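**Student:** predicted model, plus sequence, below.
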Amino acid sequence: MRLKVHFTIFVLISVILSACGPAPEPTLSAGDLANTAVANAWLALTATQAAIPTATATFPPTETFTPQPTFTPIPLPTLPPIQPTSGSAIGAAPTNNPCYEPPPLKPKGTLVQIKLVNNSKGLVDLNLGMENQNAQGECATYFFRLGRYDQPVVSVLAACYWGYAYITDPTSNAKTPKPLCLTDTTKTVPVSINAEVIVLQ
């Protein structure tokens with residue numbers, strides 16, 4: 001009988017002691033854990049936004065106006081007007097030498113035939129200009145373009161001429177050492193254009 005009593009007391013003491021112990025920890029479900037994680041994330045985001053300082057407009061410091069120095073023009077000396085010395089008045093068209101003009105379409109003076117002989121071995125741009133006007137008041141400069149070894153026969157006004165030729169391949173310049181007087185109407189006068197000189201043949 002005593003053994004039963006002791007056993008019963010032992011069971012009661014065990015029950016009492018277990019009732020006075022700490023309560024077991026509650027367990028969370030998966031949904032509760034997810035909701036807690038979302039709440040923590042929003043809390044961190046809110047704290048980060050709250051930590052950002054408020055944007056305040058900054059204005060540049062007020063600048064003080066510094067006036068620029070005033071420009072004082074320096075008077076220039078007055079020059080006397082230029083007086084024309086001689087010849088044409090100021091503003092008038094320059095006087096052209098009539099001997100530099102092209103020949104007349106219908107010449108009144110005597111014509112002579114000449115044979116231009118290209119001995120320069122190149123391409124030639126030839127100018128033949130009259131030294132003076134003829135009796136009819138005509139004066140002109142003729143222009144001829146000659147290929148290699150060309151020998152054209154042309155008509156010009158009877159007069160004394162200066163000549164100048166620009167030659168390409170090989171490049172050189174030729175001119176008359178003295179005026180070429182082309183006045184013989186009875187024959188065709190040959191004029192030789194060489195690499196450096198233009199002469200009668």
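**Tutor:** Thanks, I have the structure now.
**Student:** let me see the ranges of the strands in this protein.
**Tutor:** 111-118, 123-130, 141-146, 153-157, 159-168, 172-175, 180-182, 189-193, 198-200 (DSSP state E).
**Student:** mean confidence for the fourth one?
**Tutor:** It stands for strand 153-157. Averaged over strand 153-157, pLDDT sits at 95.
**Student:** against which helices or strands is it packed?
**Tutor:** strand 111-118, strand 141-146 (3 or more C-beta pairs under 8 Å, 6 or more residues apart in numbering; DSSP states H and E). Just so you know, the C-beta spots here come from the backbone N, C-alpha and C atoms, and that holds for glycine as well.
**Student:** now those strands as CSV including mean pLDDT?
**Tutor:** Formatted as CSV, the helices and strands packed on strand 153-157 follow (pLDDT from 0 to 100):
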stretch, mean pLDDT
strand 111-118, 96
strand 141-146, 94
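**Student:** which one of the strands of the chain lies nearest to N96?
**Tutor:** Closest of the strands of the chain to N96 is strand 141-146, at 11.5 Å (criterion: C-beta to C-beta).
**Student:** strands paired with the closest one, and their directions?
**Tutor:** strand 123-130 (antiparallel) (DSSP bridges).
**Student:** figure out which of the helices and strands packed on strand 153-157 is closest to I16.
**Tutor:** strand 141-146 (139.9 Å).
**Student:** next up, the contacts around the residue nearest to T110 when sequence neighbours are not counted.
**Tutor:** Counting by C-beta to C-beta, 6 or more residues apart in numbering, T110 lies nearest to A158, which is 4.3 Å off, once chain neighbours are set aside. Residues near A158 by C-beta atoms under 8 Å, 6 or more residues apart in numbering: G109, T110, L111, V112, N134, L182, T183, T185.
**Student:** ok, the fifth one touching G109?
**Tutor:** Going back to what we said before, that points to N134. Yes - with contact defined as C-beta atoms under 8 Å, N134 reaches G109; the gap is 4.3 Å.
**Student:** list residues touching both of the two?
**Tutor:** L157, A158, A159.
**Student:** closest to A195 among those?
**Tutor:** Using C-beta to C-beta, the shared contacts of N134 and G109 come closest to A195 at A159, 25.8 Å.
**Student:** burial check on that closest one, number of neighbours?
**Tutor:** A159: 24 surrounding residues under other C-beta atoms under 10 Å.
**Student:** who's it bridged to?
**Tutor:** Counting by DSSP bridges, A159 is bridged to L182.
**Student:** let me see the residues that make contact with stretch 129-144.
**Tutor:** 98-104, 107-110, 116, 124-128, 152, 154, 156-163, 179.
**Student:** now the buried members of those.
**Tutor:** 99, 103, 107, 109, 116, 124, 126-128, 156-159, 161-163 (16 or more other C-beta atoms under 10 Å).
**Student:** which pair in those spans the largest distance?
**Tutor:** G109 and V124 (25.9 Å).
**Student:** residue ranges with poor pLDDT in this structure?
**Tutor:** By pLDDT under 70, the low-scoring segments of the chain are 1-6, 11, 15, 17-28, 38, 41, 43, 45, 47-95.
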